[in-house]
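Novice: sequence and predicted structure, then a few things I'm wondering about:
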Amino acid sequence: MIIARREILIEWGDCDPAGIVFNPRYFEWFDACAAGLFAQAGLTKLELTDCFGIVGIPLVETRAKFLLSSRWGERVSIESQIITFRRSSFDLRHRLLRGSQEAVIGEETRVWAARHPDDSSRLKSQPVPDQVKALFGLGG
């Protein structure tokens, strides 16, 4: 199973006037970590679109549990992994750590999506290829 790790130095612009991270920043970081997880498995966004003919892996659901606040100047790390594959969707978990303490647990559901064959302005889910599932050690 692949776990991608990313370190973040919390900058002034990441924070609200109280000096703690503005919650939407976590979701921006989680989105970047999802792309980084696929890149670590050898599938950059460009390779996903070129090799598999999809337009991407759009987010369809997200949630987070905030356990500890993070502040300007702190270094945190995010560990990201795919926890479940279904036919055309999959779930990711992101753990933001402050030292060894869990500060935020984020979860996402994403869909393997291509252009709709009858209407290119719409998306249509596609089965996640077995070779992709196998890269993450979750089937194949």
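Specialist: That came in fine, so what should we check first? Numbers count the residues shown, from 1 in each chain.
Novice: all helices for this structure, in order.
Specialist: Remark: helices assigned in the chain by DSSP state H are 24-40, 45-52, 130-135.
Novice: the second one - what's its average pLDDT?
Specialist: To tie it back to what came earlier, the one meant is helix 45-52. What helix 45-52 shows for mean pLDDT is 88.
Novice: and that helix, what's buried?
Specialist: Buried residues in helix 45-52, counting neighbours by 16 or more other Cβ atoms under 10 Å, are found at residue 48. Just so you know, the C-beta spots here come from the backbone N, C-alpha and C atoms, and that holds for glycine as well.
Novice: and for the shortest one?
Specialist: Residues of helix 130-135 classed as buried by neighbour count (16+ other Cβ under 10 Å): 132, 133, 135.
Novice: which residues does the last one contact?
Specialist: Spelled out, it's residue 135. 2, 41, 42, 43 (Cβ atoms under 8 Å, 6 or more residues apart in numbering).
Novice: rerun that using 10 Å as the cut-off
Specialist: Residues near residue 135 by Cβ atoms under 10 Å, 6 or more residues apart in numbering: 2, 38, 40, 41, 42, 43, 82, 129.
Novice: of all the helices of the chain, which one is nearest residue 60?
Specialist: Ranking the helices of the chain by their distance to residue 60 (criterion: Cβ to Cβ) puts helix 24-40 first, at 12.5 Å.
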